[in-house]
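> build me a structure from this.
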Amino acid sequence: MNTRHMEDRMRQRGISEEMVGAILEVGEWNARGDRLELPKKAIGPLLQKKRDELKMLERLARRGGASVVVDGETLITVYPNTKRVRS
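Have a look, this model is predicted:
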């Protein structure tokens, strides 16, 4: 729940709910422990991780998706979701 002060400052400073969510999710506490920070230098590696994840999802989508067969905590096999026509 945001205070009215928070809503006003977000609007004035051009900081969206999504940005606040990202700071809450991956930000780190400062030395005094009174605020979460997400400095510019920490954003670069996060961007690269998201780019890599996006590339992987795009490759998976081009292949038509895939399925993993699971039994309890054991991974049995994996296969693409495309049907092959037997001749």
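> partners of the strand or helix carrying Ile76, with directions?
Assigned by DSSP states H and E, Ile76 falls within strand 74-80. According to DSSP bridges, strand 74-80 has the following sheet partners: strand 66-71 (antiparallel).
> what's the spacing between the partner strand and its chain's center?
Put simply, strand 66-71 sits 23 Å off its chain's centre (C-alpha atoms, centre = their mean, to the nearest Å).
> that one - what's its average pLDDT?
Throughout strand 66-71, pLDDT has a mean value of 96.
> residues in contact with it?
60, 75-81 (C-beta atoms under 8 Å, 6 or more residues apart in numbering). Bear in mind the C-beta positions are built from the backbone N, C-alpha and C, glycine included.
> could you dump that strand to PDB, C-alpha only?
C-alpha atoms of strand 66-71 as PDB (Å, rounded to 0.1, in the frame of the first residue of the first chain):
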ATOM      1  CA  ALA A  66       8.700 -28.200 -25.400                       C
ATOM      2  CA  SER A  67       7.500 -30.500 -22.700                       C
ATOM      3  CA  VAL A  68       9.200 -32.100 -19.700                       C
ATOM      4  CA  VAL A  69       8.000 -35.400 -18.200                       C
ATOM      5  CA  VAL A  70       8.200 -35.400 -14.400                       C
ATOM      6  CA  ASP A  71       7.700 -38.100 -11.800                       C
END
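> pLDDT score for the residue minimising distance to the centre of the chain?
Taking C-alpha atoms, centre = their mean as the criterion, Lys50 is the residue nearest the geometric centre of the chain, at 6.5 Å. Note for Lys50: predicted pLDDT of 94.
> if anything else comes up later, I'll come back, but that's it for now.
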